[in-house]
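> return a 3D structure for these sequence lines:
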Amino acid sequence: MHQQFEKLFREHYQTLCYYSNIVIKDMEAAEDVVQDVFVKCWAAIQADTLEIQQEHYLYRSVKNAALNYVKAQKVRQNYADNYGSTHTEADGGRDSLVAAETRQRIMDAIDQLPAQCRKVFLLCVLEDKSYKEAAAQLDISINTVKTQMTKAFSTLRPQLKDLTFLVFLL
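Have a look, this model is predicted:
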């Protein structure tokens, strides 16, 4: 099985990188995406849920992973643009200090979540994935994602209750 997978990797890696680069337009990121797909494929093969001969699965997986990468980059860029436009130098150092402390407090609260709960929360909230996408990425059911999100919100609400702007988010 290992030799077949290695052969599949050698035959398709470069082509998949070019294919991914068409979507991402950054060869290093495209290579990372392809490597991630091969790692997931290897895990699926080890779990006997994927046949090595399913080359179309590789291409579809790379395409979806590349599109997810581009989507995540747009979310990050939009956040950076919005954050930059709403916070000017006139706001002063005090506002940025308060924002940094608030952000740190939120991240500390998220870090205290159980591992699975934290993964689901970060995918759905920070990476803006749907419950279905998060379930597929983590190989869990949609109901598990819903349960973990409910658990995350019920844990975070009391810890962050004094942060008024989060009342609407949480």
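> ok, Y131 touching S141?
No: between Y131 and S141 there is no contact under Cβ atoms under 8 Å: 9.8 Å. (Each C-beta comes from the backbone N, C-alpha and C, glycine too.)
> neighbour count winner among the two?
Shown here are Y131 and S141; by other Cβ atoms under 10 Å, Y131 has more neighbours (18 against 11).
> and the more buried one, how far is that from N78?
21 Å (Cβ to Cβ, to the nearest Å).
> got it, and T102?
For T102, the distance to N78 - Cβ to Cβ - is 20 Å.
> out of these two, which sits in the more crowded spot?
For T102 and N78, the more surrounded residue by other Cβ under 10 Å is T102, and the numbers stand at 14 against 11.
> SS state for the more buried one?
helix (DSSP: H, G, I helix; E, B strand; the rest coil).
> give me the low-pLDDT residue ranges for the chain?
Where the chain drops to pLDDT under 70, the residues are 1, 49-54, 83-99, 163-170.
> and the helices in it?
Secondary structure of the chain (DSSP state H): helices at 2-24, 27-46, 55-86, 92-111, 115-121, 131-138, 142-159, 166-169.
> which helices and strands sit right next to the third one?
In terms of contacts (3 or more Cβ pairs under 8 Å, 6 or more residues apart in numbering; DSSP states H and E), helix 55-86 is packed against helix 2-24, helix 27-46.
> give me the buried positions along it.
By 16 or more other Cβ atoms under 10 Å, the buried positions in helix 55-86 come out as 58-59, 61-66, 68-70.
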